[in-house]
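In: kindly return the folded structure for what I paste below:
(chains A, B, C, D, E and F)
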There are 4 protein chains.
Amino acid sequence: MSRPEVSKERRSQILDAAEKVFARNGFAQSRMEQIVAESQLSKGAIYWYFRSKDEIINASLSRIFERLLHDIAEQIESQRPVVERIMTVARRATEQIRNARQLAGVELEAYAMAARSRSIRRLVRGYFDACVDAFAMLIADGIDKRELRPVDPRKIAITGVALFEGLTLLWVVSPDLDFEEVLNDAAGLMLAPLVTSPALHTRTRETQVRQTRKASRANAKRKSD
Amino acid sequence: MSRPEVSKERRSQILDAAEKVFARNGFAQSRMEQIVAESQLSKGAIYWYFRSKDEIINASLSRIFERLLHDIAEQIESQRPVVERIMTVARRATEQIRNARQLAGVELEAYAMAARSRSIRRLVRGYFDACVDAFAMLIADGIDKRELRPVDPRKIAITGVALFEGLTLLWVVSPDLDFEEVLNDAAGLMLAPLVTSPALHTRTRETQVRQTRKASRANAKRKSD
Amino acid sequence: MSRPEVSKERRSQILDAAEKVFARNGFAQSRMEQIVAESQLSKGAIYWYFRSKDEIINASLSRIFERLLHDIAEQIESQRPVVERIMTVARRATEQIRNARQLAGVELEAYAMAARSRSIRRLVRGYFDACVDAFAMLIADGIDKRELRPVDPRKIAITGVALFEGLTLLWVVSPDLDFEEVLNDAAGLMLAPLVTSPALHTRTRETQVRQTRKASRANAKRKSD
Amino acid sequence: MSRPEVSKERRSQILDAAEKVFARNGFAQSRMEQIVAESQLSKGAIYWYFRSKDEIINASLSRIFERLLHDIAEQIESQRPVVERIMTVARRATEQIRNARQLAGVELEAYAMAARSRSIRRLVRGYFDACVDAFAMLIADGIDKRELRPVDPRKIAITGVALFEGLTLLWVVSPDLDFEEVLNDAAGLMLAPLVTSPALHTRTRETQVRQTRKASRANAKRKSD
DNA sequence: TATGAATGAGTATTCATTCAT
DNA sequence: TATGAATGAATACTCATTCAT
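Out: Coordinates of the predicted model:
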C-alpha cells in the first residue's frame, strides 16, 4: 500500500474504534485510552493522525451523518410513488436506529454539544439541512407528479425532519414506546392531508376521550414507581 | 424566618445559582466552584443541602420541568377554543425558549444524559409524559366540544410533543431559523386536518418546487463556509 | 442534679458514645458526626464539653486504660498464690479483649499514634508503666513469700507485659490463633523456671522438629491463598 | 537501560521516596504531593506505576517486611550454636530498629491498620508467620543438635516473636528504655530454661523487692510531669 | 447551655496531551 | 511513523471546627 493509502486505512481504523467506544460510553465519558485499546494502536499513533479528541469526535460524527444521509439518498432516487418512498426512508431510519440503539444516544449528545460548540453545530446543521433538502426534493417531486397537493415542500420537509428527530428523542427516553407504530401514526397524520388520492388515511374514527384519560392515569402511576 | 423556611430559602438560593451556571456552561462544564461563587455561599453550605453535583443537576432539572409544565397547565384550563389554546401554549413555550435561549441547550443536554442515566431518564420521561397527557387532554376536550374531528387524542399528542421538541432542536442548531413561523407552519399542518370548521388552513397554494430547489442551493453554499 | 454533676454526666455520655464509635471505626475513621449521633446530643454540645476530637480521643483512651488497670489492681490485692494471681490477671485480660475484640484494634491504633503524638505517648506510657509496676509488685511479693526464686522483678515484669502485648498483636493479625492456649504456653514458659515448687511445668517432652516443619508448610500454603 | 529495567527502576524510585515520607509522617499523614516531591517525578508518573496511595502503602510495607526477613534468613543459615544465632538475630533487629527508629512507628501503624484492612492484615500476617517459621526452624535445629531441650519449637517461636514485637512496642512508647539490655534480659529469661548446657543463666540472684518498689515510685513521679 | 447551619482549607485522583527514544 | 512513559492542571468532595441564634 502506498503512503496515503496507509494513512487512510489508519484513520478508518481509529474512527472505527472510536465509534465503538463512543457508542458504548458517549463522547464525554469515552477515554483516549479506550480508543487506543480498541484500535490496537498506540497513543502516539492516534495523535499522529488526529490532533485531539475533539477532532476525533468531529470526524466520527461526520462519518456517522454521512452514512445516514447515504441511506436516505438511495431511497430518493427510486422511481416509486413519493409517499411510499418517504415511508421507506422513515422505516429504514427506524430500523437503523433500533439496530444500533446506542447510536441514538450518541446523536443526542451531538445535538447537545451543538448548542455549545461551533464546529459541532456546523456539522449537525449540515446534516439537518441535507435531510431537509432531501425531504423537500421528494415532496417537490410528488407535487410535480400530481401525487401530492401543491404545498410548500420546504415547510413540510422541516416539519417532517423535526417530527422524526422528536420521535427518536421520545423513544430514547421511553424505550418501551412502539417506535414503528408511533412513527406510522405521525407520518400518516402529516401526509394524509397532502395526498391527492385517498389511499392514505387516518385510521381512527370516533371519540376516544375516555381512552386518553385512561392513558393519562397510567402515566401518573408510572411516575410514582 | 423559621428554621425550615431558611432551609427552603437556601435550597432555592443554591438552585437559582446552579441554574444560572448550568445555563452558561452546561451541566458537564459547570464547576461546583462556580455554583459556590454564584450562590454567595460556601462549599460546605452547598454540600449541606445537596449530597453531590448530580443531586443538584437532578433538582435543577426537576424545577425547570415543573416550571415549564406549570405554564402549560395554565393555558389548558382556559375556556377558549381548543385550537387557540394549543397555539397559545406553543407560542408561550416558544417565547420562553427564545427569552431563555440557553434553556434549550440545558434541555438538550438533559435529553442526552437521559440516554445514559436512569435518574435523569426518569425525570425527562416524567416531563414528556406530562406534556403528552396535557396535550391529549386538550385534544380530547376539543373532540368533546366538536371543535375537532374524532381522532385518537393520544396519538396526536405524542406527535405534537415530538414535533415541538424536534423543532426546538432544529432551532438550536440553526438559530437563524424563524422559530415562530416554522412552528406556525408545522402546527397548521398538523391541526388543519383535525379541525371541523375550515377556519385554519394551510396558506400555501401552488407548486413551489422551484423555490425549494433554490433553498437547497443556499444550504449547499452555507455548508462550504 | 447540680451543675457539676450534669457536666460529669454529659462528659460520660459523650465518651460512652465516642468509645462505641471508636471501637467500630477506629480513631482516624471516626467522624464527629457519628459521635454526635451516637450520643444523642448536638454538635455544639460536644464542643461545649470537649475542645476537639483529639481531646475526646485522649479522654477516651484515658478511660479505657483506667478500666483495664482497675481490673488488674483487683487481682493483685488477692491473697492467693502469686502464680495463680498472675494467670488470673492474664486470663481476665484475655477474656476482656476477646469479648470486646474491637478494643484490641483501638489499642493498636493508640500505640501507633503514640509514636507521633506526645500526649498519646504519655498516656500509653502511663498505662504500660502501671502495668509493669503492678506486675513487678506481684513478682516481688512472690519472692518475699518464697513462691518464686529471687529474680529481678522489674525485668520479669517488663518481659511479661511485652509478651502479653505482643501476643495480643499476633492474635489481632491471626484471629484464628487460639489466644488462650498460646497465652498459657507463653506464661508457662516464662514462669516455670521462676517457680520454687515444681507445680508448673512445660508439658512438652520430646523432639518436635517434624511437627514444626509441618506447621511451616501450612503457613507457606496459607500465604498463597 | 531497557524498558522493563527503567520500569523497575522507577518503581523503586517511587517506593524509596514513599518510604522516606512514610517514615517522617506515618502512612495516614503522608500526602501524595510529598511523595511526588521526594521522588522527583510528577503526579502522573506516580499514578502510572501505582493505582493508588493504598497500593503504594502495600508495596512499601511489603518491601520493608521482605528486607527484615532477608536479614533474619542470613543469620539462620549460619552454622554457629543456635542460642548464639538467636541472639544475633535479635541484636541485628535491635540495631536495625534503633538506626531507623522511625521504622518502628511505621510498623506499629501497619499493625493498627491490619486490624481494619484485609490486605494489610494479610501482609502483616505473612511477615509474622515467616518470622515464627524461621524462629521455629532455629529451635528445631537446636533440639536436633542437642543444644536445646526437647520442647515444642513452634510454641517457643510464637512466644519469641510476640516478645520481640512487644518489647519494640514498649520501647517506642518509652524511648529512654535501654532496648538492648531489656532484650537481653527477656531473651535470657526465655532461653535459659531451654538450654542443655548451663552456659546461659539469669544473672540475678537475690530478692530485689526494694529495688522494684523504688522504680515504681519513679514511674509514679514521671506520670505527673 | 444548646443547636445545627455554615465555613473552607485540604486531598486523592483523572486524563488529554506531549515528547524522548 | 510509532511507542508508551511522563506531565500537571483541574475538580468533586470531606470534615473538624465555628458561631449566630
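In: which bits of chain A sit near DNA strand E?
Out: Proximity of chain A to DNA strand E (CB under 7 Å from any atom of the strand) is limited to residues A:30, A:31, A:32, A:33, A:43, A:44, A:47, A:52, A:53, A:54. From N, CA and C alone the C-beta is placed, and that goes for glycine too.
In: name the helix or strand for the fourth one, please.
Out: This means residue A:33. Taking DSSP states H and E as the definition, residue A:33 sits inside helix A:32-39.
In: now that helix - C-alpha only, CSV.
Out: Extracted as CSV, the C-alpha positions of helix A:32-39 are listed here (Å, rounded to 0.1, in the frame of the first residue of the first chain):
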residue,chain,number,x,y,z
MET,A,32,-8.5,8.2,24.7
GLU,A,33,-7.0,5.1,26.4
GLN,A,34,-10.1,3.2,25.4
ILE,A,35,-9.8,4.2,21.8
VAL,A,36,-6.2,3.2,21.9
ALA,A,37,-7.1,-0.2,23.2
GLU,A,38,-9.9,-0.7,20.8
SER,A,39,-7.9,0.4,17.8
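In: can it be found next to chain D?
Out: No: shown here: helix A:32-39 not in contact with chain D (CB under 8 Å from any CB of the partner chain), separated by at least 11.8 Å.
In: now that helix: buried residues?
Out: Within helix A:32-39, the residues scored as buried using 16 or more other CB atoms under 10 Å in any protein chain shown are A:32, A:34, A:35, A:36, A:38, A:39.
In: I'd like the distance between the nearest residue to residue A:82 once chain neighbours are set aside and residue B:32.
Out: Among residues not flanking residue A:82 along the chain, residue A:142 sits closest, at 3.3 Å (CB to CB, 6 or more residues apart in numbering or on different chains). Distance from residue A:142 to residue B:32, counting by CB to CB, to the nearest Å: 54 Å.
In: of the residues of chain A next to DNA strand E, which is the most crowded?
Out: residue A:30 (21 neighbours; other CB atoms under 10 Å in any protein chain shown).
In: so what pLDDT did it get?
Out: pLDDT recorded at residue A:30 is 98.
In: got the contact list for it?
Out: Residues in contact with residue A:30 (CB atoms under 8 Å, 6 or more residues apart in numbering or on different chains) are A:18, A:21, A:22, A:24.
In: packing partners for the helix or strand hosting the third one?
Out: Pointing back at residue A:22 there. Here residue A:22, judged by DSSP H and E, is contained in helix A:3-29. Other elements packing on helix A:3-29 under the criterion 3 or more CB pairs under 8 Å, 6 or more residues apart in numbering or on different chains; DSSP states H and E are helix A:32-39, helix A:43-49, helix A:53-76, helix A:101-114.
In: wait, residue A:153 touches residue A:133, no?
Out: No: assessed by CB atoms under 8 Å, residue A:153 is found out of contact with residue A:133, at 10.0 Å.
In: pick out whichever of the two has more residues nearby.
Out: Taking neighbours as other CB under 10 Å, residue A:153 and residue A:133 compare with residue A:153 leading, 29 against 24.
In: find the nearest non-adjacent residue to the closest residue to chain D within chain A, please.
Out: Closest contact between chain A and chain D, by CB to the nearest CB, is at residue A:33 (11.8 Å). Distance criterion CB to CB, 6+ apart; nearest residue to residue A:33, sequence neighbours excluded, is residue A:43 at 7.7 Å.
In: where does the one you found land on pLDDT?
Out: We have a pLDDT of 98 for residue A:43.
In: look up how far residue B:190 lies from it.
Out: The gap separating residue A:43 from residue B:190 is 51 Å, by CB to CB.
In: residues near residue A:66, how many?
Out: 13.
In: give me the nearest residue to residue A:23, chain neighbours excluded.
Out: Spatial nearest neighbour of residue A:23, excluding adjacent residues (CB to CB, 6+ apart): residue A:102 at 4.0 Å.
In: does the one you found touch residue A:27 like I think?
Out: No: between residue A:102 and residue A:27 there is no contact under CB under 8 Å: 12.0 Å.
In: neighbour count for those two, which is higher?
Out: Neighbours were counted for residue A:102 and for residue A:27 using other CB under 10 Å; residue A:27 has more, 22 against 17.
In: distance-wise, check residue A:78 relative to chain C.
Out: According to CB to the nearest CB, to the nearest Å, residue A:78 stands 68 Å off from chain C.
In: A helix includes that residue, no?
Out: No: checked against DSSP: H, G, I helix; E, B strand; the rest coil, residue A:78 lies outside a helix; its state is coil.
In: let me know the pLDDT of it.
Out: Looking at residue A:78, its pLDDT is 83.
In: just the element for the closest residue to it other than its chain neighbours, please.
Out: Closest residue in space to residue A:78, ignoring its immediate chain neighbours: residue A:85 at 5.6 Å, by CB to CB, 6+ apart. If you go by DSSP H and E, residue A:85 is part of helix A:82-99.
In: can you list the buried residues in that helix?
Out: Across helix A:82-99, burial judged by 16+ other CB under 10 Å covers A:82, A:83, A:85, A:86, A:87, A:88, A:89, A:90, A:93, A:94, A:97.
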